[in-house]
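Engineer: This is a predicted model, with the sequence first.
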Amino acid sequence: MKWIKKGLIYRPKKKHSWMQTHAQVPIADKVDDNRIRIYFGTRDNKKRTLTTYIEVEADNPQKILYEHDKPILPLGDVGCFDDSGVMPSCIVNHNGKKYFYYLGWNAGLTARYRVADGLGISENNGKTFKKYSRGPIMDRNMIDPISTSIQSIIIENNIWRAWYMSYTEWKIMNGVSEPFYHIKYAESNDGIHWSAKNIICIDFEDENEGGISVPSVIKDNGFYKMWYSVRSGSDYRKNTNKSYRIGYAESVDGIKWIRKDNEVGIDVSEDGWDVEMLAYPNVYKYKNKLYMLYNGNGFGQSGFGYAILEL
């Protein structure tokens, strides 16, 4: 496997009060045969994340056709699970509606933050979205006691299958409170009410790993394929050797996975916007080619770009 990098698509612009830094966690959605919409999270001057989008030429994603001028969903009311951030997770097209899953953020005290899963639904092809509820559709529980985050969904035989981040603990590392999370599995009959199965799909490889995040799952040639971010447990913000890289795994059933990180075929560049890290992959198919959106330096501070899988 080898990904051919094509370059930067979008860098955050200080055009709006709610868009001051970051363009992170890019999520692709096909609008029509010639246009791809890319949702992404951006931050205001209080470091709160909101989601907006651009539309690009499908054959040449570096050609931007449209930039949306407002967030697609507002922050939650004070005290709600999403009062400090609305960050994209994934989007599902089903029965003429777009189901937009997002991370709702709360600022924390003993732990720096807490996240849970929200849902926005569009009935007009993504022109506008409305929150399904003021509360989360998936949250911490007896088997995921700290935080959860849905990141990738496939509907098969009327079952909604989700691969999500489950936080395992917070540790004080070098004087900083750091989150640890891996990838687990859940199911739903309607995309709203979820049953977590307490199945770990991608676990820490060793004691040095601390974050396995943002899985992107597709089914290709009878196999399930997953790309994700993986980082060390500490010092990953400043030490580029410990920061995010993209990992890869395969499965025959979507539940038991084999990690094949050494076959992922993409790494940091020698210079430029993705010289320090690769994070938050989103893989999609267009005209029988696989495309990958991803973030580079600073968890999205330098924007997002794309690569195409070499055939």
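Structural biologist: Sure, I can see it. Residues are numbered from 1 along each chain as shown.
Engineer: The longest strand seen in the chain: what's the following helix or strand?
Structural biologist: Counting by DSSP state E, the longest strand found in the chain is strand 159-173. Per DSSP states H and E, the first helix or strand lying C-terminal to strand 159-173 is strand 176-188.
Engineer: Flag every buried residue along that following strand.
Structural biologist: Glu178, Pro179, Phe180, Tyr181, His182, Ile183, Lys184, Tyr185, Ala186, Ser188 (16 or more other Cβ atoms under 10 Å). C-beta here means a position set from N, CA and C on the backbone, and glycine is covered the same way.
Engineer: low-confidence ranges in the stretch 151-300 of the chain?
Structural biologist: Within the stretch 151-300 of the chain, no range satisfies pLDDT under 70.
Engineer: Would you map the strands across it?
Structural biologist: Taking DSSP state E, counting those that start in this stretch to define them, one finds strands in the stretch 151-300 of the chain at 159-173, 176-188, 194-202, 209-220, 223-232, 245-251, 257-259, 279-286, 289-295.
Engineer: again, but for the stretch 1-150 of the chain
Structural biologist: Under DSSP E, counting those that start in this stretch, the stretch 1-150 of the chain gives strands at 3-10, 21-32, 35-43, 49-57, 60-67, 85-94, 97-107, 113-122, 130-131, 148-156.
Engineer: The shortest one: how far from the chain's middle?
Structural biologist: Strand 130-131 has its average C-alpha position 19 Å from the chain's average C-alpha position, going by Cα atoms, centre = their mean, to the nearest Å.
Engineer: What lies in contact with it?
Structural biologist: Leu73, Gly118, Leu119, Gly120, Ile121, Ser122 (Cβ atoms under 8 Å, 6 or more residues apart in numbering).
Engineer: Same check on the fourth one?
Structural biologist: With contacts defined as Cβ under 8 Å, 6+ apart, strand 49-57 is touched by 9-10, 18-19, 22, 24, 31, 34-44, 62-75, 85-88, 100, 102, 105.
Engineer: which stretch among the strands of the stretch 1-150 of the chain comes nearest Gly79?
Structural biologist: Distance to Gly79, taken as Cβ to Cβ, is lowest for strand 97-107 among the strands of the stretch 1-150 of the chain, at 8.8 Å.
Engineer: Pull up the pairing partners for the closest one, direction included.
Structural biologist: strand 85-94 (antiparallel), strand 113-122 (antiparallel) (DSSP bridges).
Engineer: Next, the angle strand 148-156 makes with it.
Structural biologist: Relative orientation of strand 97-107 versus strand 148-156 (axes from the mean of the first three to the mean of the last three Cα atoms, to 10 degrees): 170 degrees.
Engineer: Could you give me the buried positions within strand 97-107?
Structural biologist: Neighbour-count burial for strand 97-107 flags Lys98, Tyr99, Phe100, Tyr101, Tyr102, Leu103, Gly104, Trp105, Asn106 (criterion: 16+ other Cβ under 10 Å).
Engineer: neighbours around the closest residue to the last one other than its chain neighbours, how many?
Structural biologist: Ranked by Cβ to Cβ, 6 or more residues apart in numbering and with sequence neighbours excluded, the top spatial neighbour of Asn106 is Arg114, at 4.7 Å. Applying the criterion other Cβ atoms under 10 Å, we find 19 residues in the vicinity of Arg114.
Engineer: And Arg114, how far from Gly222?
Structural biologist: Distance, Arg114 to Gly222, by Cβ to Cβ, to the nearest Å: 38 Å.
Engineer: With Tyr167 instead?
Structural biologist: Distance, Tyr167 to Gly222, using Cβ to Cβ: 32 Å.
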